[in-house]
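S.K.: Need coordinates for the below:
(2 chains)
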Amino acid sequence: MTDSGTRGRAVGFDLGHRVAQVRQWLEEPAKDVATTGSPRRNMLRGAVARVTTPLLPDDYLHLVNPLWSARELRGQIVEVRPETADSATLVIKPGWGFRFDYRPGQYIGIGLLVDGRWHWRSYSLTSSPVVGARLITITVKAMPEGFLSSHIVGGVEPGTVVRLAAPQGNFALPEPLPDRMLFLTAGSGVTPIMSMLRTMDRRGRVPDIVHIHSAPTEDSAMFRGELAALADEHEGLRLHLQLTRSMGQFDLARLDELCPDWRERQVWACGPAGMLAAAEERWRAAGLEDHLHLERFAVDRTGQDGDGGTVTFARSGRSLEIDGATTLLEAGEKSGVQMPFGCRMGICQTCVVPLEAGAVRDLRNGKVHEEGSRIQTCISTAAGDCTLDL
Amino acid sequence: MAITDVGVYAHLTADDIESLRIELDGIRDDVERARGVRDARYVRRTIVGQRVLEVAARAAIVGARTRPGLYLGVLGLGVAKSIENMELGHNVSHGQWDWMNEPEIHSTTWEWDMACVSAQWKHYHNYLHHKYTNVLGMDDDIGFGIMRVSRDQPWRPIYLIQPVQNFLLALGFEWGIGLHDIKLGKLRGTEEERAHTRSQLRAFGRKIRRQVVKDYVLLPALSGSRWRSTLAANASANVLRNLWAYLVIFCGHFPDGAEKFHPDDIADETRGEWYLRQMLGTANFDAGPALAFMSGNLCYQIEHHLYPDLPSNRYAEIAERVRAVCDKYDLPYTTGPLAKQYLLTLRTIVKLSLPDRYLRDTADDAPETGSERRFTAPTVSTISPLTGRRRGLRTALRDLRSARRRTGRAAAGGGTAPAAAGGAVDPAYARTA
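M.R.: Residues are numbered from 1 along each chain as shown, chains lettered A, B, ... in the order given. Next up is the predicted model:
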């Protein structure tokens, strides 16, 4: 009994082992696919890749339809909806591999092709994650110096294919919901909150919320109608719209007036750096820092001078402040990070690494590269704070 | 001995070289500024065209009912593989399209359809070959480690068979390229060297396994009863591509006029001297748009070495400007018909298989390598006050050739080059003479 049982298991194990080996062999060519969908699809992808190597079947398929690729996330703009004079909502249909289980308040990376080059930015999702949904939205406000935001608001055609990065960020609606919340937003800082409000509205459970939102004028306040309608509909939701051109900036000293129990609320604040700094100060003074959740927008540093900054090496967890004459390669070597390098003169591409955040400047011609690019560390320096994937 | 001072050889002063640098940097700036939609469309169309051609050729190989149909398929596949190898693989891996910020057409992610692992190729080619172009003992592309293409390399008996070796290298070029970065001797080196070489070998093994399984196992198997012709067709297409890549590369580096450099030359090298070394160390061949495309625009090898990371579709227009710079500084611009450039290369390969005692020229004054010692007259260019034209290296080389022809005729082929006797002359001599 025991013997045959053992043998049975051994045979079973052997077979299982074989199957695992075959599966591994089939999946292997596709194991580096950025956005692995279902394991079965990846096995098929790997199996076909045995005859398309070194390419993946995706490399042929996306010539037919640009969304038929899982090498990285892609999407197609299906609609561009103007919100205000200088903002617009992009409705995007993501391609293979996008997961719709993001958390309300998170942001995505989006790449748009302008003049033959992909430009990369991060924007908050304004849509609400719905099972079975096939669309997402982001809402973009044109910044006067923001090259890409102006391009988006000023004329992106429906049908345009965009690159996407998976939703991320900790500025998100918590589970379970707190009983009392305070939203403090200004300008396009309302976008992540919009996703939260829409989600709570859809679930039919809106707790006690005070929302203080600042915008220059009524016309320039994004989602003004929808915010007002939500406040009408839900008893717990109180909206205060601060029109800064006529009423002046919202003074946090007035918080007691508008929201006397602010000390007992969990706070989500998103907006310009100055506003967030003031909020931090106020809540720190009250000893309530842990109530405050902040979302900072990456500052568009393009065209600013005062180079140099703190270089962070994300994977090694090291960072170093450098001036605008030190290369990122030197910075890495100084802080003991294993840096790939070759020629040190900008021709060999051995030192190229992804720039995760911030901006860097090419020392040879002064050109600035933004996040989402791969950059040569041997001829680049920090243009403000930046983070490398090393 | 090869060139030990590129400035002296080029008949240029430090100031001249600096102004040459500014002009060449200016060309780079202009092209970088002009890169845009048109260039992006060019590379995307090339990719689509290459993939369509490859699929069609493979379909023809499996489905052709006639011999000519099959041959057309083989030719198509050979052409597709050549485009993939040169205009795409080589150029993408140089980072020529990195500016597009497109992860799928990027030097860090591209893997090509041949035995060599892209990452290993990038190390020896982009780094060692392009930084130390034609520096003896530092640029592994000089003779690809197995051949003697300059009499600066000492003769060994094995070189007697180098015409045969050359032919075999051409047939199996992808394997030569694949092994190029792997220093097998390091398997007996330090712990670190051993580990590095072993991991390189593993990556190479994985890559060849995939390539071989695809071309010689799976695709024939999928062709059913026609497996034999598919197998032969795939092998032929790979050989066609190998021969073509070999031809293009050899014509870019080994025809007469592509100079070699002594390691002393590159200590404290300035950017301008680096440019000069690239210009003097490489050679073009004449090509129209179709031939240029098929060679991955490596018919513009000089331009490619000056600007390895600028988009290949711009080399034709860059070439016009580089030629103008050469005219201005009276520098040679080595080019000629493809057949002529290859025959010159072949002549060198056959000639140098022989021991030195059968060779007439010296390493200071030979068709395939020269040094500043080949000039007996002062090597500083002068600008004619009458015409405003510079008399520099190109004129000096022309004078040298015509003098050689005269003495050659006079001595009925038995004479030696003027500088041949001056082998021990101080290299600084030329400047002070």
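S.K.: okay, CA-based contacts and neighbour counts for the rest of this
M.R.: Fine.
S.K.: ok, now which ones touch B:Met86?
M.R.: Residues in contact with B:Met86 (C-alpha atoms under 8 Å, 6 or more residues apart in numbering or on different chains) are B:245, B:294-296.
S.K.: Okay, and which of those map to helices?
M.R.: Among these, the members falling in helices (DSSP state H) are B:245, B:294.
S.K.: Could you dump the contacts of B:Met86 into CSV and include pLDDT, neighbour count and distance to B:Val55?
M.R.: CSV is the format used below for these (pLDDT from 0 to 100; neighbours: other C-alpha atoms under 10 Å in any protein chain shown; distance: C-alpha to C-alpha, whole Å):
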residue, pLDDT, neighbour count, distance to B:Val55
B:Ala245, 98, 23, 21
B:Met294, 98, 22, 18
B:Ser295, 98, 22, 21
B:Gly296, 98, 24, 20
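S.K.: restrict the contacts of B:Met86 to those near chain A?
M.R.: Applying C-alpha under 8 Å from any C-alpha of the partner chain to the contacts of B:Met86, one finds that nothing falls near chain A.
S.K.: Pick out whichever of the contacts of B:Met86 sits closest to chain A.
M.R.: Ranked by distance to chain A (C-alpha to the nearest C-alpha), the contacts of B:Met86 are led by B:Gly296 at 17.9 Å.
S.K.: which residues does the residue lying closest to the closest one once chain neighbours are set aside contact?
M.R.: Spatially, and ignoring its direct neighbours in sequence, B:Gly296 is nearest to B:Glu87 (3.7 Å; C-alpha to C-alpha, 6 or more residues apart in numbering or on different chains). For B:Glu87, the contact set (C-alpha under 8 Å, 6+ apart) comprises B:293-297, B:312.
S.K.: repeat for B:Tyr132
M.R.: Applying C-alpha under 8 Å, 6+ apart, the residues near B:Tyr132 are B:138-139.
S.K.: What is the neighbour count of B:Val55?
M.R.: 17 (other C-alpha atoms under 10 Å in any protein chain shown).
S.K.: on that earlier part again, what does the model give the residue nearest to B:Gly296 for pLDDT?
M.R.: You'll see B:Glu87 listed with a pLDDT of 98.
S.K.: Kindly confirm my reading that it is in a helix.
M.R.: Yes. Assessed with DSSP: H, G, I helix; E, B strand; the rest coil, B:Glu87 lies in a helix.
S.K.: Dump the contacts of B:Glu87 to a markdown table, plus distance to A:Thr310.
M.R.: Output for those, formatted as a markdown table (distance: C-alpha to C-alpha, whole Å):
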| residue | distance to A:Thr310 |
| --- | --- |
| B:Phe293 | 44 |
| B:Met294 | 46 |
| B:Ser295 | 44 |
| B:Gly296 | 41 |
| B:Asn297 | 41 |
| B:Ser312 | 36 |
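S.K.: what two of those are the furthest from one another?
M.R.: B:Met294 and B:Ser312 (11.6 Å; C-alpha to C-alpha).
S.K.: Not counting its neighbours along the chain, what's nearest A:Phe341?
M.R.: Closest to A:Phe341 by C-alpha to C-alpha, 6+ apart is A:Cys351, at 4.3 Å.
S.K.: and A:Leu197, what does it touch?
M.R.: A:Val206.
S.K.: Give me the mean pLDDT for the helix or strand where it lies.
M.R.: Counting by DSSP states H and E, the element that carries A:Leu197 is helix A:190-203. Computed over helix A:190-203, the mean pLDDT rounds to 96.
S.K.: buried sites along that helix?
M.R.: The neighbour-count check on helix A:190-203 (16 or more other C-alpha atoms under 10 Å in any protein chain shown) flags A:190-200 as buried.
S.K.: do the same with stretch A:111-127
M.R.: A:111-113, A:116-127.
S.K.: Ok, stretch A:274-294 next?
M.R.: Result for stretch A:274-294 [16+ other C-alpha under 10 Å]: buried residues A:275-276, A:279-280, A:283, A:291-294.
S.K.: now stretch B:211-218
M.R.: For stretch B:211-218, burial by neighbour count (16+ other C-alpha under 10 Å) applies to B:211, B:213-217.
S.K.: re earlier: how many residues are close by the residue nearest to A:Phe341?
M.R.: A:Cys351, neighbours per other C-alpha under 10 Å, totals 22.
S.K.: repeat for A:Gly336
M.R.: 11.
S.K.: Also A:Val360?
M.R.: A:Val360: 35 neighbours (other C-alpha under 10 Å).
S.K.: what are the bridge partners for it, then?
M.R.: A:His369, A:Ala382 (DSSP bridges).
S.K.: circling back to that earlier point, neighbouring strands of the helix or strand just after the helix holding A:Leu197 in the sheet, and parallel or not?
M.R.: Using DSSP H and E, the helix or strand that directly follows helix A:190-203 along the chain is strand A:208-215. Note on strand A:208-215: by DSSP bridges, its sheet partners are strand A:180-186 (parallel), strand A:237-243 (parallel).
S.K.: what's the angle between strand A:208-215 and helix A:190-203?
M.R.: Angle, strand A:208-215 to helix A:190-203, by axes from the mean of the first three to the mean of the last three C-alpha atoms, to 10 degrees: 150 degrees.
S.K.: which other residues reach strand A:208-215?
M.R.: Here strand A:208-215 has contacts from A:179-187, A:190, A:221, A:236-244, A:249-250, A:259, using C-alpha under 8 Å, 6+ apart.
S.K.: No further queries at this time; thank you.
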